[in-house]
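A.B. asks: Let's see this in three dimensions:
(chains A and B)
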Amino acid sequence: MRNDVMRSALVLALPLLLLSMGACVSRPPTIAHVHLGHALTGVTPGKQGYLLVAEKQAEDIVALAQKAKINPDLAQIKTAVAAAEIATNSTDEFGLKHSLIMASNHISFAATSPDASPNVQKSAPTFASDTVRVVERCELIGLLGKDIAASTSVEEAQLLAGEIQMLAQANLDGEDTNKDGVVGDAPAEFGMKQLRAELDGIIARENPPYRTVDQWYLFNLVKLPNGRWVFDKLGRGGNIDGYK
Amino acid sequence: MKHQTTRVAFVRAGVALLLLAGCAPAYAHDGTGTCPTDPSAEVVAARAALAKTPASLETRIRLADALLEDNCYDAAVHTLEDGQALHPGNATLTAKLRTTRSLVSEQSYFAGLEQAEVAARVSRNLLRCSRLGDLAACDEALKFRPDDAEVLIAKGDAQLKAGKPAEALQTYQRAKQVAPDNAKVGSQLAAAQTQRLAALATCRTGSDDAALAACQAALLRGADDEFAVQTRLAQIYQQRNQPSAALASYIAANALKRGDRNVALGIVTLTDGAGNRDAVAWAARGSALLTLQRGSEALTAFQHAQTLAPGMPELRAQFAQAHALAGKEEKIRVATQAGAPAGALVADNAASQAAVPARRYSNNAEPSRSN
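C.D. replies: Have a look, this model is predicted:
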């Protein structure tokens, strides 16, 4: 009788034990999620994801352009605009345009991963095309920045700096080009705010759910000579490619 | 150092990502490639092979690869999609299809980025054109959007701001053709016309720098007053001792309306010197001498023009007129030397001039002092 009770308790306890053990095992993220991780938390000097860097740059550009717009001194306008131009288009300094394109690229890489969810596969091309308006504004900021650098007139420089300021603000918050009273309700009006919301939506729809990818996984995804992608748990390095 | 390390990691990551994305170098593209109308030999061969063995997955994938090599991304996707019915759930086909679809979206993304670059250039030029009156920027913007009413109006505005009402009128007229219902075009056309009329008034009355600028601003190709403005311009240039510019304007006026005595005198005066003359100047001189009834001199001028530019339009007809006039002049000269009355011959000559085709303009103005 006592043995029966013990056996019954064991039978009940064993699945619970197994379940609790399973819960403690840390599963590696999917390869697709590692790529999403690079867009969100990752590989830039400050260990921030590309999208985060792009958002920060967009804020800085607004401040710099605002400073240039109200400055009565041509040399100082040029200095502020040059800084805004670097924050917008520099590759080395992870400017807004470069960071956003890289974020978009990583999301596209996620979509081509063998373990990509249908959600990521479907959403990645849309996200990529939705970034184009911000890229266009960045290009225009670059062109106007060059015009200001070559300008000899304070009035002209201030006018162009004002345009840069408006573009920078639109890159941050979106705009209302169709004048329907709603900012950012179409991709042609998108700024970083709308793109962030779009990416958050992609992440929220993920199944299995996306979890912040540990730095170790971000930098230890490697491709074996046989073509398979694995996490390099043994630190083999050598003839393998990856994020190491 | 930290940046360098990051950059190295970044480059390695990029390479790895390309491999991960299944982008073998052969498929790498920059978005600029287009699917050719004539498929490559590889595509033709792969299509033929697949037609023979439609169930062969290997052959289907070979065709998809050949299409990708040719930048025919959509066709590659369709080829692979067609295979899904024959090979349901096949992992290789599924992976290939996923990668190929990614290439399609990548291609459209690259195209989007290129369009963004072009759109930014147009926006920059439009901004400079409309806000700074930069005419070069207007022309650059029109290169990309030749039929864009907004750009045309901006250019017209810039021309008006620059004091070029005649050019602005032409630009607004083009905008009206493109956007007949655009209200702004109508009002700007009226503004340009008003500015041009004011310029015309200054052109007709003055002879200083302002008058010259006014004539240049009012000169409108194809307008009813084009001949009058060209003539006035020529007179002002002549008064300012600018013979080349004066001759060019007289020649332009003469091309618009042959037979004007003022213009003819101006051309003859300006081409009397021993300076180098080109075929156009010789032809204009010949035409002017014809107007002045100096046939044999006209003949000589046309001969020079023909030597320099044998194919010059209208030269033959004018040559014939000069021949006829010179012949009559010779008859008069001979008759005069023989003591015969020349009146009949002169009357005959006048009748010949009357046969010259009707002209578009009339100008009975007396020769100016400069002529």
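A.B. asks: got the contact list for residue 159?
C.D. replies: I'll assume chain A. Contacts for A:Leu159 were tallied using CB atoms under 8 Å, 6 or more residues apart in numbering or on different chains; they are B:Arg131, B:Leu132. Heads up, the C-betas are built off the backbone N, CA and C, glycines and all.
A.B. asks: oops, I was thinking of chain B
C.D. replies: By CB under 8 Å, 6+ apart, the contact list for B:Gln159 reads B:Leu135, B:Pro165, B:Glu167, B:Ala168, B:Thr171.
A.B. asks: Identify the residue spatially nearest to it, adjacent ones excluded.
C.D. replies: Once flanking residues are discounted, B:Gln159 sits nearest to B:Ala168: 3.8 Å by CB to CB, 6 or more residues apart in numbering or on different chains.
A.B. asks: doesn't B:Leu160 make contact with the one you found?
C.D. replies: Yes: B:Ala168 is within contact range of B:Leu160, at 4.3 Å (criterion: CB atoms under 8 Å).
A.B. asks: Name the residue in these two with the higher neighbour count.
C.D. replies: Taking neighbours as other CB atoms under 10 Å in any protein chain shown, B:Ala168 and B:Leu160 compare with B:Ala168 leading, 27 against 21.
A.B. asks: Counting by contacts, list what the helix or strand hosting the more buried one packs against.
C.D. replies: Per DSSP states H and E, B:Ala168 falls inside helix B:165-178. The helices and strands touching helix B:165-178, judged by 3 or more CB pairs under 8 Å, 6 or more residues apart in numbering or on different chains; DSSP states H and E, are helix B:149-161, helix B:183-205, helix B:209-218.
A.B. asks: Please identify which of the contacts of B:Gln159 is nearest to B:Ala211.
C.D. replies: B:Pro165 (15.2 Å; CB to CB).
A.B. asks: Assess the claim that the closest one and B:Ala217 are in contact.
C.D. replies: Yes: if you go by CB under 8 Å, B:Pro165 and B:Ala217 touch, sitting 5.8 Å apart.
A.B. asks: Which neighbours do the two have in common?
C.D. replies: Residues touching both B:Pro165 and B:Ala217 (CB under 8 Å, 6+ apart): B:Gln195, B:Arg196, B:Ala199.
A.B. asks: Find the nearest non-adjacent residue to the residue nearest the centre of chain A, please.
C.D. replies: Residue closest to the mean C-alpha point of chain A, counted by CA atoms, centre = their mean, is A:Leu51 at 2.4 Å. Take A:Leu51 and drop its neighbours on the chain: the residue closest to it by CB to CB, 6+ apart is A:Ala103, 4.4 Å away.
A.B. asks: show me where the stretch 251-371 of chain B has helices.
C.D. replies: For the stretch 251-371 of chain B, the helices defined by DSSP state H, counting those that start in this stretch cover B:261-271, B:279-291, B:295-308, B:315-338, B:343-354.
A.B. asks: what does chain A give?
C.D. replies: A:2-24, A:31-40, A:50-69, A:74-89, A:96-112, A:118-130, A:132-150, A:154-173, A:192-204, A:215-219 (DSSP state H).
A.B. asks: what's the angle from the fifth one to helix A:192-204?
C.D. replies: What it means is helix A:96-112. Interaxial angle, helix A:96-112 versus helix A:192-204 (axes from the mean of the first three to the mean of the last three CA atoms, to 10 degrees): 20 degrees.
A.B. asks: any low-confidence regions in chain B?
C.D. replies: For chain B, the stretches with pLDDT under 70 are B:1-33, B:274-276, B:340-371.
A.B. asks: Repeat that for chain A.
C.D. replies: Residues of chain A that meet the criterion pLDDT under 70 lie in A:1-27, A:41-47, A:223-230, A:233-244.
A.B. asks: Mind giving me the packing neighbours of the helix or strand that contains B:Ala85?
C.D. replies: B:Ala85 is part of helix B:73-86 when elements are defined by DSSP H and E. Packing contacts for helix B:73-86, counted by 3+ CB pairs under 8 Å, 6+ apart, involve helix B:57-69, helix B:91-132.
A.B. asks: Can you tell me which of those is most buried?
C.D. replies: Ranked by mean neighbour count, these are led by helix B:57-69 with a mean of 20 (mean count of other CB atoms under 10 Å in any protein chain shown).
A.B. asks: Who are the contact partners of residue 67?
C.D. replies: Chain wasn't specified; assuming chain A. A:Lys67 is in contact with A:Ala80, counting by CB under 8 Å, 6+ apart.
A.B. asks: The intended chain is chain B.
C.D. replies: B:Leu67 neighbours (CB under 8 Å, 6+ apart): B:Cys35, B:Val43, B:Ala46, B:Tyr73, B:Ala75, B:Ala76, B:Thr79.
A.B. asks: Check A:Val183 too.
C.D. replies: Counting by CB under 8 Å, 6+ apart, A:Val183 touches A:Asp173, A:Gly174, A:Glu175, A:Asp176, A:Glu189.
A.B. asks: separation between the nearest residue to B:Ser56 once chain neighbours are set aside and chain A?
C.D. replies: Counting by CB to CB, 6+ apart, B:Leu50 is the residue found nearest to B:Ser56 once chain neighbours are left out, at 7.2 Å. Per CB to the nearest CB, to the nearest Å, B:Leu50 is found 25 Å from chain A.
A.B. asks: Check which helices and strands the strand or helix carrying B:Leu50 sits against.
C.D. replies: Taking DSSP H and E as the criterion, B:Leu50 maps to helix B:41-52. Packed against helix B:41-52 by the contact rule (3+ CB pairs under 8 Å, 6+ apart) you find helix B:57-69.
A.B. asks: Contacts only, for the residue lying closest to A:Gly162 once chain neighbours are set aside.
C.D. replies: Distance criterion CB to CB, 6+ apart; nearest residue to A:Gly162, sequence neighbours excluded, is A:Lys69 at 4.8 Å. By CB under 8 Å, 6+ apart, the contact set of A:Lys69 is A:Gln158, A:Ala161, A:Gly162, A:Ile164, A:Gln165.
A.B. asks: give the contact list for whatever residue of the stretch 201-350 of chain B ends up closest to chain A.
C.D. replies: Nearest residue of the stretch 201-350 of chain B to chain A (CB to the nearest CB) works out as B:Ala213 at 23.5 Å. Neighbouring residues of B:Ala213 by CB under 8 Å, 6+ apart: B:Gly163.
A.B. asks: how close does it sit to A:Leu143?
C.D. replies: 33 Å (CB to CB, to the nearest Å).
A.B. asks: quick one: common contacting residues for B:Ala168 and B:Leu160?
C.D. replies: B:Gln188, B:Ala192, B:Gln195.
A.B. asks: and the gap between the closest residue to the first one other than its chain neighbours and chain A?
C.D. replies: Just to be clear, that refers to B:Gln188. Distances taken as CB to CB, 6+ apart place B:Tyr172 nearest to B:Gln188, at 5.2 Å, with adjacent residues excluded. Note on B:Tyr172: its distance to chain A, by CB to the nearest CB, is 25 Å.
A.B. asks: what residues are up against B:Tyr172?
C.D. replies: Contacts of B:Tyr172 (CB under 8 Å, 6+ apart): B:Leu152, B:Ile153, B:Gly156, B:Val185, B:Gln188, B:Leu189, B:Ala192.
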